[in-house]
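Participant: I would like to see how this sequence folds:
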Amino acid sequence: MNILAYDLGASSGRALLGRLTGSRIEVEEVHRFANDPVKVGERLQWDILRLYHEIKQGLLKTKHLGVQPQSLAIDSWAVDFGLLGRDGELLGNPYHYRDWHTHGVMESMFQSVPKEYIFERTGIQFLTFNTIYQLAAMKQAGSPLMREADRFLMIPDLLRYFLTGEMLNEFTNVTSTQLYNPLSGDWDWELINRIGIPGSWFGRVADPGTEAGRIRSSIMTDLGIEAIPVLTAAEHDTASAVAAVPALERSFAYLSCGTWSLMGTEVDRPVINEETLRFNFTNEGGVGRSFRLLKNIMGLWIIQELKREWEREGLAYSFTEIVQLAEQAPAFAAFIDPDDELFLHAGDMRSRIRQYCRSTGQSLPDGPGELARCIFESLALKYRYVLELTEKLSNQRFNGLHMVGGGIQNTLLCQWTADSIGKPVWAGPAEGSAVGNLAVQWIAQGVFSDIWEARKVIRESFPVVTYEPSGREAWEEAYGCFRQIAGLAD
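Facilitator: Below is the predicted model:
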């Protein structure tokens, strides 16, 4: 049984074939492609038609392998979307969540729609780029798209629509919009009406594993392929990554590590109270209508931006070389809070890191090794802070931390995370989102009975590397210093 998973990240996408051999999952990468945002004037946008083209290339390469997939599904980052007109045509390229058009919009909205009201209805953390603020920004700017729009589709919804002609909004991604009410189990029509967005834009909310149409006949003709059922995955890539966490215990903590780091736990019901609001945690949907109590952490975006800056200066360091330079730099010389808004947008990260350190009275990191070490150590320390908050808010205690995603290839970060939290880190699989995408498809087809059977097979199919903590005293002292510098509350 061959099935196809498209996993779209903030910098690249991939198509992977999954097959079951006995009780083990085998994965083959069929196609990998860049996902570069495009800046036109002052607007940063996604090249959505290029992504659609690459998805078709994945289908073509799969055909050339002599494989007919029994289904396919797409997962991607959250919050971003496209608007369609009455004729079903896309009205414009989707904005990138790092675009500046939402600057100040969240704070201005609170003047008419209180923060507490939004949180108690949605349970979603406050991030300036959430879908609700993107729509509000377009409305405030008088965007003509708002007058012409007829339907709202998030990125995987939109790409599915291109493939099938069918329009569905998928549950896990819908919950990230801050327009969904997890208590009523539907779009929050009252909130949508209050911010002045037409409710008619928003369609049926489909669970992961729903059949969402079949490949259009025109695509079948163009590519010379047969009909393929298209399913909804857990289409928020973090939801897919969490589905792939090879946990054996029902109570577990995870860290999906990549451009973003997302840390939390899985719960049956959303945790919406004063403490989750105070610490800006979120309750996003998961497989089986579970919820992911988690917090976004800036992640490896900062080092990725630094790498791009160095390349523009003619310094072409590989990620392996950057890790080696970080390991050789002095320990605990300077810290940043990775989630400071200073680091959200693209730009001169070296200057911003030094600006942060200067404003907090620290020494200024300079060379690539010092800057990278500052980032990696700060991430590991922020992970400890968020893990402790996750335990507090979920009323659980975790024996260790599951790390999944491409970031686990940074073995130094994995080890420093174990050192920081003082507990084992279990790292794997690296292709977490794609594997979770495959798992949801197999559950929908009855191959696995539920997510727990899928996780058991995932654990038996992919290596998990254990990192044991060390250097406890030094990391404990560093944690106290980090919290003081970052101004993190108890």
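Participant: And the helices in the stretch 251-400 of the chain, which stretches?
Facilitator: Assigned by DSSP state H, counting those that start in this stretch, the helices in the stretch 251-400 of the chain fall at 274-278, 301-312, 319-328, 349-359, 368-394.
Participant: Report the buried residues of the longest one.
Facilitator: What it means is helix 368-394. Applying a neighbour-count criterion of 16 or more other Cβ atoms under 10 Å, one finds 368-387, 389-390, 393-394 buried in helix 368-394. C-betas here are computed from N, CA, C, even on glycine.
Participant: State the pLDDT value of the closest residue to residue 416 other than its chain neighbours.
Facilitator: Closest residue to residue 416 apart from its sequence neighbours, by Cβ to Cβ, 6 or more residues apart in numbering: residue 380 at 4.1 Å. Here the pLDDT value assigned to residue 380 is 98.
Participant: Distance-wise, check residue 380 relative to residue 357.
Facilitator: 17 Å (Cβ to Cβ, to the nearest Å).
Participant: about what we covered before: which stretch among the helices of the stretch 251-400 of the chain comes nearest residue 149?
Facilitator: Smallest distance to residue 149 across the helices of the stretch 251-400 of the chain (Cβ to Cβ): 29.9 Å, for helix 301-312.
Participant: I'd like to check the angle between the closest one and helix 319-328, please.
Facilitator: 110 degrees (axes from the mean of the first three to the mean of the last three Cα atoms, to 10 degrees).
Participant: mean confidence for helix 301-312?
Facilitator: pLDDT averaged over helix 301-312 gives 96.
Participant: packing partners for it?
Facilitator: For helix 301-312, the packing partners by 3 or more Cβ pairs under 8 Å, 6 or more residues apart in numbering; DSSP states H and E come out as helix 319-328, helix 349-359, helix 368-394.
Participant: Please write out the alpha-carbon positions of the second one in PDB.
Facilitator: Coordinates of the C-alpha atoms in helix 349-359 are reproduced here as PDB (Å, rounded to 0.1, in the frame of the first residue of the first chain):
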ATOM      1  CA  MET A 349      19.800  39.200  13.100                       C
ATOM      2  CA  ARG A 350      23.500  39.800  14.100                       C
ATOM      3  CA  SER A 351      22.700  43.500  14.900                       C
ATOM      4  CA  ARG A 352      19.400  42.500  16.600                       C
ATOM      5  CA  ILE A 353      21.100  39.900  18.900                       C
ATOM      6  CA  ARG A 354      23.800  42.400  19.800                       C
ATOM      7  CA  GLN A 355      21.100  45.100  20.400                       C
ATOM      8  CA  TYR A 356      19.300  42.700  22.700                       C
ATOM      9  CA  CYS A 357      22.500  41.900  24.600                       C
ATOM     10  CA  ARG A 358      23.500  45.600  24.900                       C
ATOM     11  CA  SER A 359      20.000  46.600  26.200                       C
END
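Participant: With distance to residue 217 added, can I get the helices of the stretch 251-400 of the chain in JSON lines?
Facilitator: Listed next are the helices of the stretch 251-400 of the chain as JSON lines, based on distance: least, Cβ to Cβ, whole Å:
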{"stretch": "helix 274-278", "distance to residue 217": "48"}
{"stretch": "helix 301-312", "distance to residue 217": "40"}
{"stretch": "helix 319-328", "distance to residue 217": "43"}
{"stretch": "helix 349-359", "distance to residue 217": "48"}
{"stretch": "helix 368-394", "distance to residue 217": "48"}
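Participant: Of those helices, which is nearest residue 470?
Facilitator: The nearest among the helices of the stretch 251-400 of the chain, by Cβ to Cβ, is helix 368-394 at 12.7 Å.
Participant: How far away from the center of its chain is that closest one?
Facilitator: Helix 368-394 has its C-alpha centroid displaced from the chain centroid by 17 Å (Cα atoms, centre = their mean, to the nearest Å).
Participant: Can I get stretch 215-224 as PDB, trimmed to CA atoms?
Facilitator: Provided in PDB are the C-alpha atoms of stretch 215-224 (Å, rounded to 0.1, in the frame of the first residue of the first chain):
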ATOM      1  CA  ILE A 215      -7.700  14.600  -8.600                       C
ATOM      2  CA  ARG A 216      -9.300  16.700 -11.300                       C
ATOM      3  CA  SER A 217      -9.700  15.000 -14.700                       C
ATOM      4  CA  SER A 218      -7.700  17.800 -16.300                       C
ATOM      5  CA  ILE A 219      -4.700  17.100 -14.100                       C
ATOM      6  CA  MET A 220      -5.100  13.300 -14.800                       C
ATOM      7  CA  THR A 221      -5.000  14.100 -18.500                       C
ATOM      8  CA  ASP A 222      -2.100  16.600 -18.200                       C
ATOM      9  CA  LEU A 223       0.100  14.200 -16.200                       C
ATOM     10  CA  GLY A 224      -1.100  10.900 -17.600                       C
END
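Participant: any idea which element residue 73 lies in?
Facilitator: strand 72-75 (DSSP states H and E).
Participant: which strands and helices sit next to that strand?
Facilitator: Checking 3+ Cβ pairs under 8 Å, 6+ apart, strand 72-75 ends up next to strand 2-8, helix 155-164, strand 229-231, helix 237-243, helix 432-444.
Participant: Next, count neighbours for residue 173.
Facilitator: The local packing count at residue 173 equals 34, with neighbours defined by other Cβ atoms under 10 Å.
Participant: got a list of what the residue nearest to residue 306 when sequence neighbours are not counted touches?
Facilitator: Using Cβ to Cβ, 6+ apart and skipping the chain neighbours, the partner closest in space to residue 306 is residue 349 (4.8 Å). Residues counted as contacts of residue 349 (Cβ atoms under 8 Å, 6 or more residues apart in numbering) are 302, 305-306, 309, 343, 371.
Participant: could you show me where the strands are in the stretch 151-300 of the chain, in order?
Facilitator: 151-154, 169-170, 180-181, 186-187, 205-206, 211-214, 229-231, 253-257, 261-267, 282-285, 291-297 (DSSP state E, counting those that start in this stretch).
Participant: In JSON lines: those, plus distance to residue 64 and mean neighbour count.
Facilitator: JSON lines is the format used below for these (distance: least, Cβ to Cβ, whole Å; neighbours: other Cβ atoms under 10 Å):
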{"stretch": "strand 151-154", "distance to residue 64": "30", "mean neighbour count": "24"}
{"stretch": "strand 169-170", "distance to residue 64": "29", "mean neighbour count": "27"}
{"stretch": "strand 180-181", "distance to residue 64": "40", "mean neighbour count": "24"}
{"stretch": "strand 186-187", "distance to residue 64": "41", "mean neighbour count": "17"}
{"stretch": "strand 205-206", "distance to residue 64": "31", "mean neighbour count": "18"}
{"stretch": "strand 211-214", "distance to residue 64": "21", "mean neighbour count": "18"}
{"stretch": "strand 229-231", "distance to residue 64": "20", "mean neighbour count": "23"}
{"stretch": "strand 253-257", "distance to residue 64": "32", "mean neighbour count": "28"}
{"stretch": "strand 261-267", "distance to residue 64": "35", "mean neighbour count": "24"}
{"stretch": "strand 282-285", "distance to residue 64": "36", "mean neighbour count": "26"}
{"stretch": "strand 291-297", "distance to residue 64": "37", "mean neighbour count": "23"}
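Participant: and those as a markdown table, adding mean pLDDT and distance to residue 477?
Facilitator: Conversion of these to a markdown table gives the following (pLDDT from 0 to 100; distance: least, Cβ to Cβ, whole Å):
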| stretch | mean pLDDT | distance to residue 477 |
| --- | --- | --- |
| strand 151-154 | 98 | 44 |
| strand 169-170 | 98 | 45 |
| strand 180-181 | 98 | 43 |
| strand 186-187 | 98 | 48 |
| strand 205-206 | 98 | 48 |
| strand 211-214 | 97 | 52 |
| strand 229-231 | 98 | 50 |
| strand 253-257 | 97 | 23 |
| strand 261-267 | 97 | 23 |
| strand 282-285 | 98 | 31 |
| strand 291-297 | 97 | 22 |
